[in-house]
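Visitor: Fold the following for me, if possible:
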Amino acid sequence: MPTPAERQALLFLAAVAVIGGGVRAVGTRALARDVAGAEQGPAPSTDLATRALDAQIAAVDSARRREHETPSTPRSRSSRTPKRPTVPRERLPAPVLSVDVNDASAAELERLPRVGPALAARIVAWREQHGPFESLESLRHVRGIGPATARRLAPLVTFSGRHSPSQSEAPASSTPHALSASSPKSVNMSAPVGPLSGRATERLGDLLVNEGLLTREQLAKALQEQSVTPGQRIGLTLIKMGFVPETDVVRMLARQFRMPAVDLSRFEVDTRLLKLIPAELASKHKVLPLKRDGRQLTVAIADPTAMSVLDDLKFITRYDIVPVLAGEYSMRAAIEKHYEANEVHMQSLLQDIVAAEEDDVEVLEAQEDAHDASVLAALVDEAPVVKLINAILVDAVHKGASDIHFECFEHELRVRYRIDGVLTEVMKPPLKMRAALISRFKIMASLNIAERRVPQDGRIKLKVAKKVIDFRVSVLPTLFGEKVVLRILDKGNLTLDLEQFGIEPRAERELMEAISNPYGMVLVTGPTGSGKTTTLYSALSKINNGDTNIMTAEDPVEYNLFGINQVQVRTDIGMTFAAALKAFLRQDPNVIMVGEIRDLETGSIAIKAALTGHMVMSTLHTNSAPETITRLLDMGLEPFNVASALNLILAQRLVRRICSKCKVRYEPDAAEFAGAKVKATTTMRELKFTDEALDNAKSRATPEAVPFLSNLSLDTTIGELPYFKGYGCDACGGTGLKGRQGLYEVMFLTQTLKKLVIQSADVQVLRNAAIDEGMLSLRMDGWLKVLKGVTTLDQVIRETAS
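Guide: Take a look at the predicted model:
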């Protein structure tokens, strides 16, 4: 008998044989018996299951690449690959006239007609477990040897010898790394290398018949049954009729489609990956995420022909999909088990949060609402739904979410968080809780719980672990119920340091100069959610020194700032931005901040205030700084008034930062450069950068980028810049991105630019002139963030495409 170390080596050697660059595998069940005899070993570990699955995927990919390679010289007739073997193998001697099945090795048994690697392994395994075969009849006990196979083998086999384990049972060759682990039963290694074209060259029924797992009569019955159930695959029909076990169907499908296979009942799924594929999609297409490796996601699929599903999964998950095959019945059980378990896990997690934080969560109301506060206190003690809501709110705050979405659909209720600008589903409460959840939010926000036909807005103030957090609540009637969106206004996370936002030194100096003037106008522009209000708050904090009267008109007031008089705009009662501005001018203001210039009236009053000794700040929704001027002129404002009033325009975007825990350097391909509308040979000089901008970038680069920027100059090409991305880790949830950074386009109105404004110059003329004056466009600022290792080229292209 072999030693334990030899047994472990033989187990893996017999499971995966790498012969001539191809992959040939035999059943793990048979191999375990080959090496260990009748001894029953412990169940394989999940680690080994994962390692074996990785080895199988890598081997299949390697074989596919080799087969698609074009030989450099024509092959002679004698060197062509034989048609029958599924893998390249050394030339074997002609089959012997007779083989002693009690003495023959697996390799010798394979020479027999209708005996492939899997059947040879089963013969050896049966012999090791039950003893030597006595006759042809006893040989038929081996699964896969039917009457037809037995008749073909009758004149070629004998039963006289005795078998003793030896090294000859191992495959002829193997790779050195094959000794590192055993092949767990959770991964099916019995699928040999088959067709590489992505479609089967032999039908599943024929494969099963040829393997002796199915008779022609059974196949005919199954085909007849399949004809009356359109859309059902033959494999599932055979399993339902009890003709073939699911494991054998999966094994043959793996051989037919040349895919790795996995036994889900023995594979531990990483439940953190379940959020990547929604439960509905997993159930509909019978797919299940198994493991993640960098940007690759291994997904079990039940239908190997559904290639379009893989494209959908790649689009949804943003990962490269590596498919492995699993049985449909086991897939259904796994989906039901893991997704249900994940939902239970989420509920348990929220319950833990409630248990840990319940004493630290307090609903705060104004003094005049004391009666409501007492009612809420009673609800907290009695209603489980209140605990669930408090738990979700606390969980969202701890995860750094900016918004919480409660969405009602016909058959489900969904909760999502927006983290770093991306919505992520976190749970699906029972649909029956819909009315209770919505009513609870309305009570907390002091809204009318009986009104379900019109939108309502309110605020919630919570004290969480001695920290007061505001939630802006918006309720909107939808087809299947009211949708609630909560904007989290955590003042503790409000950063008013412009440098931390990522603004370049020159742009920061120009902004400070503009807001330090006693009069004029500063405009911040960008799409919704780009951080305009935060930038304005930061600017106001710089000049909020106690000797100025600062007044703001906002819709809504997002953060309460000490020392600043903030007014909530209420258009329903006539308190518009224009009305607020008129009132402010009678309040002896030094600085006025208007939430948004939406119309000619507001714009005219703002321009008038800026020209009469007040500093005015506001926002607009335009794509760039030069476009803001044309927008003001299109409103009907006079060019000379706009030129006289404007000090500075700042356009901004938010891009996602590369995760610092998994950041790696990479080389972009030509397609990425094409997306950025540059060539790899384009220089920094051609992009109109200045030495000052590059020097500032080098001084503020991330530690990973610093070593690559020592020779950065205006003659450096785009292709020579360092590029980074995150490969995905637990810290960033596998996205490779964590946190956000601003891109800024600061257009300081010099005399040259003011003259162009008076002339009503078009956008491109204004942009070119501003860049000549030293302005960095949004795309240029994005390039600086890329070479500093802050964000990815893809993020910059995405946010500055316009």
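Visitor: Give me the spatial nearest neighbour of Asn696, chain neighbours excluded.
Guide: Residue nearest to Asn696 in three dimensions, not counting chain neighbours: Pro505, with 5.2 Å by Cβ to Cβ, 6 or more residues apart in numbering. To be clear about C-beta, it is placed using only N, CA and C from the backbone, and glycine gets the same treatment.
Visitor: Excluding chain neighbours, what is closest to Arg416?
Guide: With Cβ to Cβ, 6+ apart, the residue lying closest to Arg416 is His405, at 4.4 Å.
Visitor: gap between that neighbour and Arg700?
Guide: For His405, the distance to Arg700 equals 36 Å [Cβ to Cβ, to the nearest Å].
Visitor: Report the secondary structure element holding Val786.
Guide: Assigned by DSSP states H and E, Val786 falls within helix 778-787.
Visitor: hey, what's the closest residue to Asn560 other than its chain neighbours bridged with?
Guide: Of all residues not flanking Asn560 in the chain, Gln566 sits nearest, at 6.8 Å (Cβ to Cβ, 6+ apart). With DSSP bridges as the criterion, Gln566 is bridged to Thr552.
Visitor: from what I can see Gln566 touches Pro556, true?
Guide: No. Gln566 is not in contact with Pro556 according to Cβ atoms under 8 Å; the separation is 10.0 Å.
Visitor: returning to that earlier point: buried residues of the helix or strand just after the helix holding Val786, list them for me.
Guide: Scanning forward in sequence from helix 778-787 by DSSP H and E, the next helix or strand is helix 793-799. By 16 or more other Cβ atoms under 10 Å, the buried positions in helix 793-799 come out as 793-797, 799.
Visitor: returning to what we had before: what's around the residue nearest to Asn560, how many residues?
Guide: For Gln566, the neighbour count with other Cβ atoms under 10 Å is 15.
Visitor: any idea how far Ala107 is from it?
Guide: Separation of Gln566 from Ala107 (Cβ to Cβ): 84 Å.
Visitor: still on that earlier bit, output the contacting helices and strands for the helix holding Val786.
Guide: Secondary-structure packing of helix 778-787 (3 or more Cβ pairs under 8 Å, 6 or more residues apart in numbering; DSSP states H and E): strand 646-658, helix 691-699, strand 737-748, helix 793-799.
Visitor: Name the stretch among the ones you listed that sits most buried.
Guide: Across the helices and strands packed on helix 778-787, the average number of neighbours (mean count of other Cβ atoms under 10 Å) peaks for strand 646-658, which reaches a mean of 25.
Visitor: Which neighbouring elements make contact with it?
Guide: Counting contacts by 3+ Cβ pairs under 8 Å, 6+ apart, strand 646-658 is packed against helix 505-516, strand 520-525, helix 532-543, helix 625-635, strand 723-726, strand 737-748, helix 778-787, helix 793-799.
Visitor: Would you mind putting the CA coordinates of that strand into PDB?
Guide: Output of strand 646-658 as PDB, limited to C-alpha atoms (Å, rounded to 0.1, in the frame of the first residue of the first chain):
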ATOM      1  CA  LEU A 646     -18.900  88.100 -13.300                       C
ATOM      2  CA  ASN A 647     -15.700  87.400 -11.300                       C
ATOM      3  CA  LEU A 648     -15.400  83.600 -11.800                       C
ATOM      4  CA  ILE A 649     -17.200  80.600 -13.100                       C
ATOM      5  CA  LEU A 650     -16.400  77.100 -11.700                       C
ATOM      6  CA  ALA A 651     -17.600  73.900 -13.400                       C
ATOM      7  CA  GLN A 652     -17.200  70.600 -11.600                       C
ATOM      8  CA  ARG A 653     -17.800  66.900 -11.700                       C
ATOM      9  CA  LEU A 654     -17.200  64.000  -9.300                       C
ATOM     10  CA  VAL A 655     -15.200  61.000 -10.200                       C
ATOM     11  CA  ARG A 656     -14.600  57.800  -8.200                       C
ATOM     12  CA  ARG A 657     -11.300  57.300  -6.600                       C
ATOM     13  CA  ILE A 658      -9.200  54.200  -7.000                       C
END
